[in-house]
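Undergrad: dropping the sequence and predicted coords here.
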Amino acid sequence: AAGVIQSPRHLIKEKRETATLKCYPIPRHDTVYWYQQGPGQDPQFLISFYEKMQSDKGSIPDRFSAQQFSDYHSELNMSSLELGDSALYFCASSNRVGSYNEQFFGPGTRLTVL
Amino acid sequence: DAKTTQPTSMDCAEGRAANLPCNHSTISGNEYVYWYRQIHSQGPQYIIHGLKNNETNEMASLIITEDRKSSTLILPHATLRDTAVYYCIVREYTGNQFYFGTGTSLTVIP
């Protein structure tokens, strides 16, 4: 079965640079979620989109922005990168009108800021 | 914010049942209990969820107490590949994000 696809899988950036992470949800899923997991920490919710509209916002820094496109893929844009942004970034998708609404997570993008 | 309490770590012998407890004493009537696990830096994997009845699927069983203030995830025959961090999460059925708590680090011992 198709899973959530994230690209790139690994990304290395310098401080103050920008980065764009992409997420392709499972076909027919209408909701996308972004999570950040720092080293040794638990996943923290950043932001979510439902039918291309932002539906909820968590601990996402103002330097980050995200959107969901007409094909339901989503991009997380990160600017003025800081050392503390080094983390695993997970995207998850769900079908809100599905019977269980569980979230399916992608493999993550490992961002390293030098 | 996380609304659950789990032991930090547990060990289980390979082939035996692993019973992972979770306290969610402030759970409300429309909140479900979800279980996910994360195997070393991989994306969290859905295991099971339930409202008030016990649930079973091919991966695990979920036992929810009658007052719904706690639950237990049961892996009936633990294997080495079940070594992971297990997260118990409560959320409304139509809710949005998951709030991950600290989770239980389960180590399956040969």
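TA: Thanks, I have the structure now. For clarity, every value in this text was computed on a predicted model and none was experimentally measured. Numbering: from 1, shown residues only, chains lettered A, B, ... in the order given.

Undergrad: now do the buried residues in the least confident helix or strand in chain A by mean pLDDT.
TA: For chain A, scoring each helix and strand by mean pLDDT, DSSP states H and E identifies strand A:53-57 as the least confident one, at a mean of 88. Using 16 or more other C-beta atoms under 10 Å in any protein chain shown as the test for burial, strand A:53-57 gives A:Ser55. C-beta: built from backbone N, CA, C; applies to glycine.

Undergrad: likewise stretch A:79-99?
TA: Quick answer for stretch A:79-99 (16+ other C-beta under 10 Å): A:Leu81, A:Asp85, A:Ser86, A:Ala87, A:Leu88, A:Tyr89, A:Phe90, A:Cys91, A:Ala92, A:Ser93, A:Ser94, A:Asn95.

Undergrad: residue contacts, A:Pro25?
TA: Going by C-beta atoms under 8 Å, 6 or more residues apart in numbering or on different chains, A:Pro25 touches A:Val4, A:Thr31, A:Val32, A:Tyr72, A:His73, A:Ser74, A:Cys91, A:Ser93.

Undergrad: nope, A:Asn77 is what I meant
TA: A:Thr18, A:Ala19, A:Thr20, A:Phe64, A:Ser65, A:Ala66.

Undergrad: same deal with B:Tyr32?
TA: Per C-beta under 8 Å, 6+ apart, neighbours of B:Tyr32: B:His49, B:Gly50, B:Leu51, B:Val90, B:Arg91, B:Glu92, B:Tyr93.

Undergrad: residue contacts, the second one?
TA: Think B:Gly50. B:Tyr32, B:Val33, B:Leu62, B:Ile64, B:Ser71.

Undergrad: any weak-confidence spans in the chain?
TA: No chain specified, so I'll use chain A. The model of chain A has pLDDT under 70 over residues A:97-101.

Undergrad: not quite, go with chain B.
TA: For chain B (pLDDT under 70), the answer is B:1-2, B:93-96.

Undergrad: for it, what lies in contact range of chain A?
TA: Taking C-beta under 8 Å from any C-beta of the partner chain as the contact definition, chain B meets chain A at B:34, B:38, B:41-46, B:49, B:87, B:93-94, B:96-103.

Undergrad: rerun at 6 Å
TA: Within reach of chain A by C-beta under 6 Å from any C-beta of the partner chain, chain B has these residues: B:Gly43, B:Pro44, B:Tyr46, B:Asn96, B:Gln97, B:Phe100.

Undergrad: contacts only, for the first one.
TA: Residues counted as contacts of B:Gly43 (C-beta atoms under 6 Å, 6 or more residues apart in numbering or on different chains) are A:Phe90, A:Phe105, A:Gly106, A:Pro107, A:Gly108.
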